[in-house]
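Asks: What follows is a predicted structure for the sequence shown.
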Amino acid sequence: MSKGRRQKAHGGGHDGNAERWLLTYADLITLLMVFFVVLYSMSQADSDKFKRISAALQQAFNIDVLKSQATATSIKDGQTEQSLADNQINDEQSAQVARLQSKIKAVIDGLAQAPDVSVGIDREGIVIRLSGSYLFDSGRAELKPNSFVVLDALSSELRLQPNDLRIDGHTDSIPIDSARYPTNWELSVARALAVTRYLTDTDGLASGRLMAAGFGEFRPLVPNDTREQRAMNRRVEIHLLSSVPSAIQATVPTPQSQPSTTEHLEP
């Protein structure tokens, strides 16, 4: 074979290799494009799922209450997902809540002693905060005898309302050194239960209306930086919730002698 033919044959083979490389490159670009399209479509689906799961969790656990944020109504695909809990007050109930707050404050102010008690309003209804040091000795969950007077006075007004009651126990951040209560969590639960048992067993509130919860040091009112602030965080809260389950409402007695003083928050 002559030199010219050998060069021509060699050049033709080189051109074929170049074309095969170009096909491989084009296939790679196509695969990359498909890969990113798939990733984009998956990310969109995950975003939709996340929104639905987030709304469901907010409704189930009332997360907005913990964050002190306003709850919103989300609308998606023509359907409304309402994340407000059943026991949250609305504008129409505000006046009733304010009147009940005034009544409870009047009960507290009418006591001979001056207990460390405050009455306020939150998004669930009325909250009565009692100082932990007023109710209990340090590291204990047995009610002090002097606390009976204020609990009896509160019960005289609370029994007139058919609403649910939730008793919350709270502590400061100082770890407890007790074999009976290994952590502040157990202590807060025990204190909430002590108040709950007194309201039901001694003051006669309907057991079906009450529930108890303990939060330990995890929901402080103020930072646990000073002794005074830690004392503020050691507390028991009585929440008069705005919801009134019909089964409970039918069983709560209303005193016949005082029909005009009975007032409750409509569900």
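Replies: The structure has been received and is ready for your questions.
Asks: Okay, the closest residue to residue 113 other than its chain neighbours and residue 156: tell me how far apart.
Replies: Nearest non-adjacent residue to residue 113, counting by CB to CB, 6 or more residues apart in numbering: residue 149, 6.7 Å away. (Glycine included, C-beta is placed from N, CA and C.) Residue 149 sits 11 Å away from residue 156, going by CB to CB, to the nearest Å.
Asks: re the thing from before, any idea of the pLDDT on the residue nearest to residue 113?
Replies: For residue 149, the model assigns a pLDDT of 90.
Asks: again, but for residue 27
Replies: At residue 27, the model reports a pLDDT of 82.
Asks: again with residue 85
Replies: Looking at residue 85, the pLDDT reads 38.
Asks: and the residue nearest to residue 136 when sequence neighbours are not counted, how many neighbours does it have?
Replies: Nearest non-adjacent residue to residue 136, counting by CB to CB, 6+ apart: residue 191, 6.0 Å away. Residue 191: 28 surrounding residues under other CB atoms under 10 Å.
Asks: Next, residue 191: secondary structure please.
Replies: helix (DSSP: H, G, I helix; E, B strand; the rest coil).
Asks: low-confidence ranges in this protein?
Replies: Applying pLDDT under 70 to the chain flags residues 1-18, 41-93, 114-115, 243-267.
Asks: Is it correct that the residue nearest to residue 136 is in contact with residue 235?
Replies: No. Assessed by CB atoms under 8 Å, residue 191 is found out of contact with residue 235, at 9.3 Å.
Asks: any residues in contact with both of those two?
Replies: Residues touching both residue 191 and residue 235 by CB atoms under 8 Å, 6 or more residues apart in numbering: residue 132.
Asks: Make sure residue 121 is indeed in a strand.
Replies: Yes. Using three-state DSSP, the secondary structure at residue 121 is a strand.
Asks: Can you name the residues that contact it?
Replies: By CB under 8 Å, 6+ apart, the contact set of residue 121 is 89, 97, 98, 101, 127.
Asks: And for residue 107, the neighbour number?
Replies: 19.
Asks: in which helix or strand would I find it?
Replies: helix 91-109 (DSSP states H and E).
Asks: Show me what that helix is packed against.
Replies: Using 3 or more CB pairs under 8 Å, 6 or more residues apart in numbering; DSSP states H and E, the elements in contact with helix 91-109 are strand 117-122, strand 125-131, helix 147-158.
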